[in-house]
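Requesting a structural model of the entry that follows:
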Amino acid sequence: MGPGTNRDFASLLDDLIVASELGDIAPAPTIPFDYLAVAEELHSGRIRVAGETVAAEYREAGADLEDEFVSLLDMVKAQPETVAAEEPAAPSIDPAEIAAELGIAEAHPGDLARMRRSFALANHPDRVAPHLRQRAMVRMQLANMMIDDAKRRAAKKKP
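Below you'll find the predicted structure:
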């Protein structure tokens, strides 16, 4: 069959099964489907489903899954409880602790850029958990201020 031939899903599966049994590589399936036409049809409002129909299907699906859900709950209850690991303390926003973490006091002026990058790699707001982003932003601002001050002091010392 050529790539332009319309085939249904069942025939595609049959071809794949036959090809896998023969050890051949099955041709890549093509799906004759106009996605834009379907999207337009859905957004046009011409397709309507009554709320009662949806609710009835939801109830039927829920009834089928209830036994499976109960068995999963029993399985979870049967497992021994694991002690949740304590969440590590939030990183400090104390400038003295950040300076000690950076090691600014003994830093060589050439190392300041490397220190900024390594601190950002570990503490950037985009790299921490969402509930710690505000704190990470403050930590980064403080670290950047300290590194910039160290750079200015180093530049003033040069004759």
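
Report the secondary structure element holding Ala120.
Ala120 is located in helix 112-123, with elements delineated by DSSP states H and E.

which residues touch that helix?
With contact meaning CB atoms under 8 Å, 6 or more residues apart in numbering, helix 112-123 is reached by 91, 101-104, 107, 127, 136, 139-140, 143-144, 147, 150-151, 154. Using the backbone N, CA and C atoms, a C-beta is placed for each residue, glycine as well.

angle of whichever helix or strand comes after that helix against helix 112-123?
The helix or strand immediately downstream of helix 112-123 is helix 133-157, counting by DSSP H and E. Put simply, helix 133-157 runs at 170 degrees to helix 112-123, going by axes from the mean of the first three to the mean of the last three CA atoms, to 10 degrees.

Not counting its own residues, what contacts helix 133-157?
The contact list for helix 133-157, computed with CB under 8 Å, 6+ apart, reads 90-93, 95, 98-99, 102, 104, 107, 109, 112, 115-116, 119-120, 123-125, 127-128.

that older thread, return the item of the contacts of helix 112-123 having minimum pLDDT.
Lowest pLDDT within the contacts of helix 112-123 is found at Ala107 (81).

Buried residues of the top helix by length along the chain, list them for me.
Counting by DSSP state H, the longest helix found in the chain is helix 51-78. Neighbour counts over helix 51-78 (16 or more other CB atoms under 10 Å) mark no residue as buried.

Packing partners of that helix?
Where contact means 3 or more CB pairs under 8 Å, 6 or more residues apart in numbering; DSSP states H and E, helix 51-78 is not packed against any helix or strand.

List the buried residues in the helix or strand that it is followed by.
Downstream of helix 51-78, the next assigned helix or strand under DSSP H and E is helix 95-102. Buried residues in helix 95-102, defined by neighbour count with 16+ other CB under 10 Å: Ile98, Ala99, Glu101, Leu102.

For Val128, give me phi and psi.
Phi and psi for Val128, reported as degrees, to the nearest 10, are phi -120, psi 170.

list the contacts for Asp14?
By CB under 8 Å, 6+ apart, Asp14 has no neighbours at all.

Report the secondary structure state of it.
Of the three states, Asp14 takes helix according to DSSP: H, G, I helix; E, B strand; the rest coil.
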